[in-house]
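Participant: give me a 3D structure for the following:
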Amino acid sequence: MAARRGRAGRLARATLAAAVVATARAWTSLFATPGISDAGMYIAPEAFNHSLIGPVGLGPGPSSHWYAAQWNNPAPLQDARVSAAATVSCPAQGMGQRPLDWSLQSATAAVCRYGGATPAWRVAQNGDKVPCGTEDDLFLAPVGGNYPGAQQGMRRSPPLASMSQLRVTMTASLDTAAASVRCGAAPQCGPGGKVDYGYAVLGIVCSALDAPGGGQTLFYQVLLADTRQHSPCAGGQACSKRPLAWYFKQNPYGASDTIANFGAPCLEPRAAAPSVLEFDALPQLRAAVEAGPPGGNGFFANATAWSVTGVYLGVGLQGSTSMTLDVADFDVSFR
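Facilitator: From the prediction side, this is the model:
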């Protein structure tokens, strides 16, 4: 009897230990709805003002934890769905023959939802009306603390120092990535204001609320594609391994990385099949916050102080460029 009780006790302890290990290794999504599975989508105005339009989408009263940011869009998307001047359109099927559910379209941008319960999304831009020197962005992002009146879609992560991995997963394809000559000249190596180019990007926003001076913010970006990626320009480095580049060296800080540093190729326009991407962003992100920008500039270089507080995914451009990104199964999770 005692032997049986001993064996039962050891079995119970082993089972408990296995459960603890499994729980410790479980992934936790930063998103309230991974995969951007909501029926609707909020729309942010072209200039940030803490307000959102909508949500718009299927239904009456479609729910959403996500929004589309359209920074500097000269022909803003509205909740009227398709403007009379719409020239950026959504095809009837998208990514794997999913049917079109609904769309928002204008003369310069479109957001398209495909596929019902397992959706894919398209963000598309045309920069012909964008003034030279202006960057026009179209991103999908979970609703976070900048919009306290809307349903929240973003969870704050533990400190970077407390995580073992930060996994990014998505299925993505680049339908269009083409630049014309208006603001710059081929091969588009000019500086800002004298260039026509576009890019696809994943952004991870980190905050250090207890940093000296009232808190700090870092915009960490991973380039997924660049229209100059096969040119001799600096933008050609988007698809080559390279050191982290700091584009904002004061608060809010900005650092640019490349998908090549995670062992994956850049997205190519009209590839035969979508790319399935999965990588651990934590080592590169943690290295960024522990090093800070060149010269420091007051950066609070302490991984225990920084947490992930936002994420965005989409396309941006300057000048006369067309960019179209399709995405499904998008998630950022940690353990």
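
Participant: ok, then the element right after the one helix or strand in the chain whose mean pLDDT sits lowest?
Facilitator: Lowest by mean pLDDT, DSSP states H and E among the helices and strands of the chain is helix 2-25, with a mean of 51. For helix 2-25, the following helix or strand on the C-terminal side (DSSP states H and E) is strand 28-29.

Participant: that next one: how far from the chain's middle?
Facilitator: 16 Å (Cα atoms, centre = their mean, to the nearest Å).

Participant: contacts for the next helix or strand after it?
Facilitator: Downstream of strand 28-29, the next assigned helix or strand under DSSP H and E is strand 40-43. Residues from elsewhere that reach strand 40-43 (Cβ atoms under 8 Å, 6 or more residues apart in numbering): 52-59, 62-64, 66-68, 70, 77-79, 104, 111, 113, 140, 143, 147, 150. Using the backbone N, CA and C atoms, a C-beta is placed for each residue, glycine as well.

Participant: apply 10 Å and report the result again.
Facilitator: Applying Cβ atoms under 10 Å, 6 or more residues apart in numbering, the contact partners of strand 40-43 are 51-59, 61-70, 76-79, 102, 104, 111, 113, 121, 140-141, 143, 147, 150-151, 153.

Participant: show me where the protein has its helices.
Facilitator: Along the chain, counting by DSSP state H, helices occupy 2-25, 282-291.

Participant: coming back round to it: go ahead and build a ChimeraX selection from the buried members of the contacts of strand 40-43.
Facilitator: Applying 16 or more other Cβ atoms under 10 Å to the contacts of strand 40-43, the buried members can be selected in ChimeraX as follows:
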select :52,53,54,55,56,57,62,64,65,66,67,68,69,70,76,77,102,104,111,113,121,140,141,143,147,150,151,153
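
Participant: what about the chain, any weak spots by pLDDT?
Facilitator: Residues of the chain meeting the criterion pLDDT under 70: 1-24, 59-62, 79-86, 234-236.

Participant: which residues touch the nearest residue to D210 once chain neighbours are set aside?
Facilitator: Spatial nearest neighbour of D210, chain neighbours left out: A305 (5.8 Å); criterion: Cβ to Cβ, 6 or more residues apart in numbering. A305 makes contacts with P159, L160, A161, C206, S207, A208, L209, D210, A211, G215, Q216, V289, as judged by Cβ under 10 Å, 6+ apart.

Participant: from those residues, pick the one nearest V315.
Facilitator: For the contacts of A305, the closest approach to V315 (Cβ to Cβ) belongs to C206, at 21.9 Å.

Participant: dump the residue contacts of D136.
Facilitator: Neighbours of D136 in contact, by Cβ under 10 Å, 6+ apart: 46, 70-74, 108-109, 125-127, 129-130, 198, 315-319, 321, 323.

Participant: can we see that at 8 Å?
Facilitator: Contact analysis of D136 by Cβ under 8 Å, 6+ apart lists W71, N72, N73, P74, T108, Q125, G127, V130, G316, L317, Q318.

Participant: got CSV for the residues you listed, with distance to L282 and neighbour count too?
Facilitator: Listed next are those as CSV, based on distance: Cβ to Cβ, whole Å; neighbours: other Cβ atoms under 10 Å:
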residue, distance to L282, neighbour count
W71, 27, 16
N72, 31, 17
N73, 33, 23
P74, 37, 17
T108, 36, 28
Q125, 30, 25
G127, 34, 28
V130, 35, 24
G316, 25, 22
L317, 29, 26
Q318, 31, 27
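
Participant: save those as a markdown table, and put in distance to C233 too.
Facilitator: Below are the contacts of D136 laid out as a markdown table (distance: Cβ to Cβ, whole Å):
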| residue | distance to C233 |
| --- | --- |
| W71 | 24 |
| N72 | 23 |
| N73 | 25 |
| P74 | 25 |
| T108 | 24 |
| Q125 | 20 |
| G127 | 17 |
| V130 | 19 |
| G316 | 16 |
| L317 | 15 |
| Q318 | 13 |
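
Participant: let me know the closest of these to P283.
Facilitator: Of the contacts of D136, the one sitting nearest to P283 (Cβ to Cβ) turns out to be G316, at 25.4 Å.

Participant: and that closest one, how far from P119?
Facilitator: According to Cβ to Cβ, to the nearest Å, G316 stands 23 Å off from P119.

Participant: next: P131.
Facilitator: According to Cβ to Cβ, P131 and P119 sit 33 Å apart.

Participant: the two: who's more crowded?
Facilitator: Neighbour comparison, P131 and P119: the larger count goes to P119, with 21 against 13 (by other Cβ atoms under 10 Å).
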